[in-house]
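Engineer: Structure of the sequence below:
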Amino acid sequence: MLISPRLIIFSGLPGAGKTTLAKALAKHLSAVYLRIDTIEQALKDQDIRVVAEGYYTAWRVAEDNLRLGLAVVGDSCNPLPISRQGWQAVAISSQAEYTNIEVICSDQAEHQKRVETRIADIPGLRLPTWEQVRNRDYEPWQGDRIVLDTAGQSSEESVQTLFERLSLSSK
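Structural biologist: Just a heads-up that it's a prediction; the model follows:
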C-alpha cells in the first residue's frame, strides 16, 4: 500500500488515458485529485490568459494537502522538464514521497481514435485535435518514472495494470 503523504504525478499526451487512470487511483486511495485542465478552464472562464498559472496553482494546493499528510494525485500533460521538476519540488519541500507515471498509447491509430472521439467532461473545455496532439511540445523523459502503455487495453485493464505496478490491491 502507498504511504501518505505521497504525490503521484501523472503525465502524458491528451488521449493516452492519464485522466482515466488518475481518477481511478485518486478514488481508490481517497486522495486529493488535482487536474490541470480543470484549474486552467476555471481561470479561462474568468477571462484570465493562462500560460503556467494552472500548474502553479496546483502545486500550491498539492503542497497544502501533502503537508496535511494526505496523498495527492496530479493529472497533467506535464510535457516539459520544468513542469516535472515543479511537481517533484512540491513533494520534496513537503517531505513527501513521489511517483512519476507517464501514460502513453503506443498504437498511433488507437491514440488518434481516442483523441478524435473524446467528449469534454469539463464545461467549456476545448479538446485538442489530433494534429494539435501530434504537434504538441512534449519533451522525452530523463528521470525515473513508471511507464504505462494503454494501447490494446480496456480502461479497466489499464487500471488493473496501474494498481499492479503500484503494488495496490483492487477493492
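Engineer: Mind listing what's buried along the lengthiest helix in the chain?
Structural biologist: For the chain, the helix with the greatest residue count under DSSP state H is helix 53-67. Buried positions in helix 53-67, judged by neighbour count with 16 or more other CB atoms under 10 Å: Gly54, Tyr55, Thr57, Ala58, Trp59, Val61, Ala62, Glu63, Asn65, Leu66. From N, CA and C alone the C-beta is placed, and that goes for glycine too.
Engineer: Can you list the residue ranges for helices in the chain?
Structural biologist: Listed in chain order, the helices of the chain (DSSP H) span 18-29, 36-45, 53-67, 81-93, 108-117, 130-134, 155-165.
Engineer: In PDB, list the C-alpha atoms belonging to stretch 110-119.
Structural biologist: C-alpha atoms of stretch 110-119 as PDB (Å, rounded to 0.1, in the frame of the first residue of the first chain):
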ATOM      1  CA  GLU A 110      -5.800   3.900 -31.500                       C
ATOM      2  CA  HIS A 111      -4.500   7.100 -29.900                       C
ATOM      3  CA  GLN A 112      -5.800   9.100 -32.800                       C
ATOM      4  CA  LYS A 113      -9.300   7.500 -32.500                       C
ATOM      5  CA  ARG A 114      -9.300   8.200 -28.800                       C
ATOM      6  CA  VAL A 115      -8.400  11.900 -29.400                       C
ATOM      7  CA  GLU A 116     -11.000  12.300 -32.100                       C
ATOM      8  CA  THR A 117     -13.900  10.600 -30.200                       C
ATOM      9  CA  ARG A 118     -13.400  12.100 -26.800                       C
ATOM     10  CA  ILE A 119     -16.100  14.200 -25.200                       C
END
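Engineer: Disregarding flanking residues, what is the spatial nearest neighbour of the residue most central in space within the chain?
Structural biologist: Residue closest to the mean C-alpha point of the chain, counted by CA atoms, centre = their mean, is Asp75 at 2.3 Å. With sequence-adjacent residues excluded and distances taken as CB to CB, 6 or more residues apart in numbering, Asp75 is closest to Ala22, at 3.9 Å.
Engineer: gap between that neighbour and Glu131?
Structural biologist: Distance, Ala22 to Glu131, by CB to CB, to the nearest Å: 25 Å.
Engineer: between those two, which one's more packed in?
Structural biologist: More crowded of Ala22 and Glu131, by other CB atoms under 10 Å: Ala22, with 25 against 10.
Engineer: For that one, give me the pLDDT.
Structural biologist: We note a pLDDT of 98 for Ala22 in this prediction.
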